[in-house]
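Visitor: Need a 3D model of the sequence below.
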Amino acid sequence: MIIVTDRLELIAGTLDLTEAELHDPGRFADLLAARVPASWPPPLNDNATMEWCRRYYKEHSDGVGWANWYFVLREDSSRQRVAIGNGGFGGKPTADGTIKLGYSIVEEFQERGYATEAVRGLVLWAFSHSEVARIIGETYPNLTKSIRVLEKNGFVFIGGGAESGVIGYELRCRSD
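Guide: As a prediction, the model looks like this:
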């Protein structure tokens, strides 16, 4: 499953991709058909995040799309495909249609609009599913760039997040 935006391909994570990311960097790059920078993984992503995705796919064989997505720049300045970030959702929608969104870009590719573009693609994909009514994005108050990505995509501040120290933003599906 792939979402194509102006400059990116968002590739839905799978158990195979997640296990390669955890244990076999060469295979991970091959599966993405992209160069993976030495600075991988993106900020605030770690083995615990990857292990959560791995467990999710093992428990939800129909969960592709509802967990991690890999952001691949289709062509960098050297005309190569390169993995620049990841993001996605915290699982399938809840009974009230809520999903949680997260995203991160490798530091050397930040401040170029890639996060905003990737989030826009993920939002469009999510809202193409009738069971999704709203998307929650949480971040830290000091991550002003992350807040700006949410705001550029129409998210509005809703207060404190689920964890201590984070703030929440939401975007509701428009039923035009």
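Visitor: Could you give the number of residues near the residue lying closest to Lys92 once chain neighbours are set aside?
Guide: Excluding its sequence neighbours, the residue lying closest to Lys92 (C-beta to C-beta, 6 or more residues apart in numbering) is Trp66, at 4.7 Å. All C-beta atoms are positioned from the backbone trio N, CA, C, and that covers glycine. The number of residues packed near Trp66 is 22, by other C-beta atoms under 10 Å.
Visitor: So Ala126 sits against Val132, correct?
Guide: Yes: using C-beta atoms under 8 Å, Ala126 makes contact with Val132 at a distance of 4.8 Å.
Visitor: overlap in contacts of these two?
Guide: Listed as contacting both Ala126 and Val132 by C-beta atoms under 8 Å, 6 or more residues apart in numbering are Ile99.
Visitor: Hmm, Ala126 and Lys92 touching each other?
Guide: No: Lys92 lies out of contact with Ala126 (C-beta under 8 Å); the separation is 10.7 Å.
Visitor: Can you list the low-confidence ranges for the chain?
Guide: 76-77, 174-176 (pLDDT under 70).
Visitor: The same query, at a cut-off of 80, please.
Guide: 75-79, 174-176 (pLDDT under 80).
Visitor: sorry, back to before: between Lys92 and Ala126, which is the more surrounded one?
Guide: Counted by other C-beta under 10 Å, Lys92 and Ala126 do not tie: Ala126 has more neighbours, with 21 against 16.
Visitor: Quick check: the more buried one is in a strand.
Guide: No: assignment of Ala126 by DSSP: H, G, I helix; E, B strand; the rest coil gives helix, placing it outside any strand.
Visitor: ok, now how distant is it from Gly90?
Guide: 12 Å (C-beta to C-beta, to the nearest Å).
Visitor: what are the phi and psi angles of the residue nearest to Lys92?
Guide: Here is the backbone geometry of Trp66 (degrees, to the nearest 10): phi -100, psi 10.
Visitor: isn't it right up against Phe89?
Guide: Yes: between Trp66 and Phe89 there is a contact at 5.2 Å, judged by C-beta under 8 Å.
Visitor: intersection of neighbour lists for the two?
Guide: Common neighbours of Trp66 and Phe89 are listed as Ile99 (criterion: C-beta under 8 Å, 6+ apart).
Visitor: Verify the contact between Pro93 and Leu101 for me.
Guide: No: contact criterion C-beta under 8 Å: Pro93 and Leu101 do not qualify, at 11.8 Å.
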